[in-house]
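Novice: predicted structure and sequence below. I'll ask about it afterward.
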Amino acid sequence: MFFESRIFPTIAEMSEAALDEIRRILNDAVSKRNRFSIALAGGHTPAKLYALWAEKYKRETPWDHVHLFFGDERFVPVDDLLSNYRMARQTLIDHVPIPKENVHAMLTNFPSPEKAAEAYEVELRKFFGESAPAFDVQLLGLGIEGHTASLFPGSPALDEQRRWVLAVTAPAEPPQRLTLTPVVLNQGLNTFFLVAGEDKREILTALRSEPQNEQSKYPAGRIRPARGVVWYLDQAAAG
Ligand code: 6PG
């Protein structure tokens, strides 16, 4: 497993470094294409980066040209404590002057997760057109058993060849989730895994020790965009 890793003493320094790189890509994308798209990760790890973004770069970010998407979402109401959208609102979105039409949440006010997944695919097509979305940046986390986004080991979503968004049942709380599929995640222009904490050390070691030329046993290892991935790690996770 080819690993470009950037290791920092703390999650704060890791978040700062990843954010610096995001801002560099953002400014380049806006100057060249007048827009920047990022798929946000859920869970806890990215919260520090989102909060830093709002605290330190609220004024200098060209929010009119920034479009926030999500890599996955739990199928819960938007104000549920487990909602990734809620976490992103609390740490970033509600604190910056981003036009509301630039926030593309995976909405869950649908009768079923399948309908919600279909609706998000329509949202992606509106923005990216008919070819699989290539986000300027996609942020991803890592679960201790190797999941990323809401792609869990053994999930049929790992072998999806056509759909961009799927409703999945995860062995996690809550089980019903929406997730981008590898069809999209393998198109990313810049893919950053953000991994912190000692509990991630074991799965990182397992990923690192996998043979390069074999398909990874772990969903996180199946995300292999042409432009590669960068692993932002804190020392606790890197070991
Ligand atoms: C989610 C995330 C998920 C997350 C990992 C790591 O919706 O839960 O998208 O893939 O990134 O579970 O979560 P932590 O950052 O909380 O360890």
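Specialist: The structure has been received and is ready for your questions.
Novice: just want the residue of the chain that's nearest the ligand.
Specialist: Residue of the chain nearest the ligand, by C-beta to the nearest ligand atom: Gly141 (2.0 Å). C-betas here are computed from N, CA, C, even on glycine.
Novice: tell me the contacts of that residue?
Specialist: Ala41, Gly42, Gly43, Thr45, Pro46, Thr148, Phe193, Leu194, Val195 (C-beta atoms under 8 Å, 6 or more residues apart in numbering).
Novice: what confidence value was assigned to the first one?
Specialist: Read that as Ala41. pLDDT for Ala41: 98.
Novice: how about it, nearest residue that isn't a chain neighbour?
Specialist: Of all residues not flanking Ala41 in the chain, Leu139 sits nearest, at 4.1 Å (C-beta to C-beta, 6 or more residues apart in numbering).
Novice: ok, longest helix in the chain?
Specialist: For the chain, the longest helix by residue count, based on DSSP state H, is helix 11-33.
Novice: list the beta-bridge partners for the residue nearest to Ala41.
Specialist: Phe192 (DSSP bridges).
Novice: which other residues reach stretch 115-130?
Specialist: Counting by C-beta under 8 Å, 6+ apart, 37, 67, 69, 73, 75, 104, 106-108, 110, 133-134, 163-167, 178, 184 sit against stretch 115-130.
Novice: ok so, going back, does any part of the longest helix of the chain sit near the ligand?
Specialist: No - counting by C-beta under 6 Å from any ligand atom, no contacts exist between helix 11-33 and the ligand, the nearest distance being 9.9 Å.
Novice: same for the helix or strand following that helix, what does it pack against?
Specialist: In the C-terminal direction, the helix or strand that comes right after helix 11-33 (DSSP states H and E) is strand 36-40. The contact analysis (3 or more C-beta pairs under 8 Å, 6 or more residues apart in numbering; DSSP states H and E) places strand 36-40 against helix 11-33, strand 66-70, strand 137-140.
Novice: now the ones you listed in a markdown table, with distance to Leu189?
Specialist: Output for these, formatted as a markdown table (distance: least, C-beta to C-beta, whole Å):
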| stretch | distance to Leu189 |
| --- | --- |
| helix 11-33 | 8 |
| strand 66-70 | 13 |
| strand 137-140 | 7 |
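Novice: residues of the protein that sit close to the ligand?
Specialist: Applying C-beta under 6 Å from any ligand atom, one finds that the chain approaches the ligand through 41-45, 71-72, 84, 141-143, 147-150.
Novice: can you pull the phi/psi pair for the nearest residue to Arg222 once chain neighbours are set aside?
Specialist: Nearest residue to Arg222, sequence neighbours excluded (C-beta to C-beta, 6+ apart): Ser216, at 5.3 Å. Backbone torsions for Ser216, taken as degrees, to the nearest 10, come to phi -60, psi 150.
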